[in-house]
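Enquirer: whatever this is, show me its structure:
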Amino acid sequence: MEKNKAWNKCLNRNTRVNREDYEQKRSETRNLFKKKKRELLKKKIEEIRESKEKKLTRKFYKGIRELNRPYQSKIVIINDEYGKPLTEQKEILKRWKQYFESLLKMEIESIEPNEKDKESEEETEGVEQEIYEPTLEEVRDIMRNEKWKSPWNRYNYSGTDKKCKRKYGTKNI
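Expert: Here you go, the predicted model:
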């Protein structure tokens, strides 16, 4: 926080004193982060050592793996409306915008009844509608059609598959 204030002060008025103050704060911050990182590393090593002494082999090897593994940044990939993966940041933002606009449009359409809906409501007023449970084939069709619509469903996977398998007890969904 102090470093940011010193930087803003240096930007507003670039004098030698302001610059030196900023460089000092920057150096202190950098040294603090180095110290914290070293402490964290020592703590992890100590945990690994304890797990070896307690003969917790799984935890021991997991800790070693985590220490030896290089840092890998996460790649964000979402699908467009046709199921093709998008990797560019601009394309991803554009897709999210499209997706939320379509959700908003559907919500608005469901809120605002049009004239046909009003007429059909008047005709069916007082008539009790029958609600039926969907067949297994209808559930499969809906799931196949819905998989690619939301941008966070990756690689043709939908969590609803497992739920449906549990409910209907079938392997071929």
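Enquirer: next, the buried residues of the helix or strand harbouring Lys97.
Expert: Secondary structure here is read from DSSP states H and E; on that basis Lys97 sits in helix 89-111. Neighbour-count burial for helix 89-111, with 16 or more other C-beta atoms under 10 Å as criterion, is recorded at Ile92, Arg95, Tyr99. From N, CA and C alone the C-beta is placed, and that goes for glycine too.
Enquirer: go through these and name the one nearest Glu109.
Expert: The shortest separation between Glu109 and any of the buried residues of helix 89-111 is 15.9 Å, and it belongs to Tyr99 (by C-beta to C-beta).
Enquirer: residues near Tyr132, how many?
Expert: Residue neighbour count, defined by other C-beta atoms under 10 Å, stands at 6 for Tyr132.
Enquirer: that one: what secondary structure?
Expert: With DSSP: H, G, I helix; E, B strand; the rest coil as the basis, the three-state label of Tyr132 is coil.
Enquirer: show me what contacts it?
Expert: Residues near Tyr132 by C-beta atoms under 8 Å, 6 or more residues apart in numbering: none.
Enquirer: need the helices for this protein, in chain order.
Expert: Per DSSP state H, the chain carries helices over the ranges 2-12, 16-53, 57-68, 89-111, 115-123, 136-146, 160-168.
Enquirer: distance to Ile142 added to the buried residues of helix 89-111, as TSV?
Expert: Below are the buried residues of helix 89-111 laid out as TSV (distance: C-beta to C-beta, whole Å):
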residue	distance to Ile142
Ile92	26
Arg95	22
Tyr99	19
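Enquirer: nearest to Lys42, of the residues you listed?
Expert: Once C-beta to C-beta is applied, the member of these that ends up nearest Lys42 is Ile92, at 38.9 Å.
Enquirer: just to revisit the earlier point, and the helix holding Lys97, what does it pack against?
Expert: strand 78-79 (3 or more C-beta pairs under 8 Å, 6 or more residues apart in numbering; DSSP states H and E).
Enquirer: quick check: mean pLDDT across the strand it packs on?
Expert: On average, the pLDDT along strand 78-79 is 84.
Enquirer: that strand - which strands sit beside it in the sheet, and in what orientation?
Expert: For strand 78-79, the paired strands and their directions (DSSP bridges) read strand 85-86 (antiparallel).
Enquirer: how many neighbouring residues does Arg19 have?
Expert: Counted with other C-beta under 10 Å, the neighbours of Arg19 add up to 14.
Enquirer: so what's it up against?
Expert: With contacts defined as C-beta under 8 Å, 6+ apart, Arg19 is in contact with Cys10.
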